[in-house]
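> can't give you the sequence, but here's the structure:
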Ligand SMILES: Nc1ncnc2c1ncn2[C@@H]1O[C@H](COP(=O)(O)OP(=O)(O)OP(=O)(O)O)[C@@H](O)[C@H]1O
Ligand SMILES: [Mg+2]
């Protein structure tokens, strides 16, 4: 697991960030940034680069390779530090706290400013990148597309979806985005997967989730990864989060993706609460609900 860089932020100096952003810049052109190029990219002299590289190596913000030529690249911690530095400069975030969740492709932390926030670092592309890299260590620099790019794109897409959907759909309020990170409202509640609903609440909560999916559709989005792990339930309603893979309703597969989302959610309710959902034929209901969703949306056009 990637460590939380927040604890190191106070020790880092302005010039450490110059070094990190110099290496970040160099990674646009190659996976590893040759030592000789770093002074130009970071606008630090050679001696300063040497000193800063050691500091950043000690803190695992950069890593080194020595085969063929000596080069450096950011680790995810290094990229995290750059994003967090930007949020601090913009007064978006005052401090970072405990982990809120570790997903397959992200790390989410509690953060603070004038309101409780959630800071999500995207990790897409990193594992794949490692595998790909093994095969092509010395070839195809041209095909180079680093995980920085993939993770940043995911964060941008998620942020754009949140900005479009909030507040018409119950999603976390977007606050800021930089590089592969987004800052959003912290949601209190319990994940639907862990919620213990009373029998008389079950159908009502299912309806709330479906209403949000219909509202998102109306705003132009299908979530495309709906499950009991991406919904919070609280006493005042439900919130749908985790939107990086959301697709436009213009997308040719959007109806299929919506049907799959509905089926996933309905499937969760029928499996988890069979007593409260006795007569539901899962796929028939999913079909009916998708029709209804489209009807509803069409009716508003
Ligand atoms: N705004 C938020 N407020 C509070 N907790 C959050 C918030 N966003 C995410 N979390 C927590 O972090 C976890 C991971 O978030 P999210 O589902 O967005 O990431 P993910 O890596 O895409 O997950 P997945 O494993 O589904 O791919 C969530 O399960 C949730 O517990
Ligand atoms: Mg998730």
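That came through, no problem. Not measured: the values here are computed from a predicted model. Ligands and ions are numbered 1, 2, ... in the order given.

> okay, now the nearest residue to residue 8 once chain neighbours are set aside: neighbour count?
In space, and not counting its chain neighbours, residue 8 is closest to residue 59: 5.5 Å by C-beta to C-beta, 6 or more residues apart in numbering. Where C-beta positions appear, they are placed from N, C-alpha and C, glycine not excepted. Residues contacting residue 59 under the criterion other C-beta atoms under 10 Å number 18.

> and residue 59, what pLDDT?
pLDDT for residue 59: 97.

> Correct me if wrong: it contacts residue 7.
No - applying C-beta atoms under 8 Å as the test, residue 59 and residue 7 come out as separate, 10.1 Å apart.

> I'd like the distance between the residue of the stretch 1-150 of the chain found nearest ligand 1 and ligand 2.
Here the stretch 1-150 of the chain gets closest to ligand 1 at one residue, residue 103, 1.8 Å apart by C-beta to the nearest ligand atom. For residue 103, the distance to ligand 2 (C-beta to the ion, to the nearest Å) stands at 5 Å.

> Settle this for me: that residue is touching residue 242, isn't it.
Yes - Residue 103 lies in contact with residue 242 (C-beta under 8 Å); the separation is 7.4 Å.

> residue contacts, the residue nearest in space to the middle of the chain?
Most central in the chain under C-alpha atoms, centre = their mean is residue 122, positioned 4.1 Å from the mean C-alpha point. If you count contacts by C-beta atoms under 8 Å, 6 or more residues apart in numbering, residue 122 has them with 105, 106, 151, 152, 154, 155, 158, 180, 181, 182, 244.

> buried subset of those?
Burial by neighbour count, judged by 16 or more other C-beta atoms under 10 Å, picks out 105, 106, 151, 152, 154, 155, 158, 180, 181, 182, 244 from the contacts of residue 122.

> of all of the protein, which residue lies closest to ligand 2?
Proximity of the chain to ligand 2 (C-beta to the ion) peaks at residue 242, 3.8 Å away.

> This structure - how does it break down into domains?
Domain assignment for the chain by automatic domain parsing gives 5-185, 190-300.

> weakest of those domains in terms of mean pLDDT?
Looking at the domains of the chain, the bottom one is domain 190-300 with a mean of 87.

> Would you tell me which residues of the stretch 151-300 of the chain are close to ligand 2?
230, 242 (C-beta under 5 Å from the ion).

> The stretch 151-300 of the chain: helices as residue ranges?
199-218, 254-272, 282-300 (DSSP state H, counting those that start in this stretch).

> What are the buried residues along the longest one?
Put plainly, it is helix 199-218. 202, 205-206, 208-218.

> Can you lay out the buried ones among the contacts of residue 122 as CSV showing distance to residue 259?
CSV is the format used below for these (distance: C-beta to C-beta, whole Å):
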residue, distance to residue 259
105, 24
106, 26
151, 29
152, 31
154, 24
155, 28
158, 23
180, 31
181, 32
182, 28
244, 21
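
> Tell me how many other residues surround residue 161.
So residue 161, with other C-beta under 10 Å, has 25 neighbours.

> no wait, residue 34
Considering only other C-beta under 10 Å, residue 34 is surrounded by 14 other residues.

> what's across from it in the sheet?
Note on residue 34: beta-bridge partners residue 71, judged by DSSP bridges.

> Now do the contacts for it.
Per C-beta under 8 Å, 6+ apart, neighbours of residue 34: 26, 69, 70, 71.

> In JSON lines, list these along with neighbour count and distance to residue 82.
Compiled in JSON lines, the contacts of residue 34 are given as follows (neighbours: other C-beta atoms under 10 Å; distance: C-beta to C-beta, whole Å):
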{"residue": "26", "neighbour count": "22", "distance to residue 82": "13"}
{"residue": "69", "neighbour count": "10", "distance to residue 82": "24"}
{"residue": "70", "neighbour count": "14", "distance to residue 82": "22"}
{"residue": "71", "neighbour count": "22", "distance to residue 82": "18"}
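
> tell me, which of these make contact with ligand 2?
Applying C-beta under 5 Å from the ion to the contacts of residue 34, none is adjacent to ligand 2.

> between those residues, which is closest to residue 168?
residue 26 (41.8 Å; C-beta to C-beta).

> quick one: that closest one from residue 39, how far?
As for residue 26, its distance to residue 39 is 11 Å (criterion: C-beta to C-beta, to the nearest Å).

> Give me the common contacts of these two.
Counting by C-beta under 8 Å, 6+ apart, nothing touches both residue 26 and residue 39.

> So which residues of the chain form strands?
Along the chain, the segments classed as strands by DSSP state E run 33-34, 62-65, 71-74, 95-102, 106-112, 116-122, 174-178, 181-185, 190-191, 221-222, 231-234, 237-240, 247-248.
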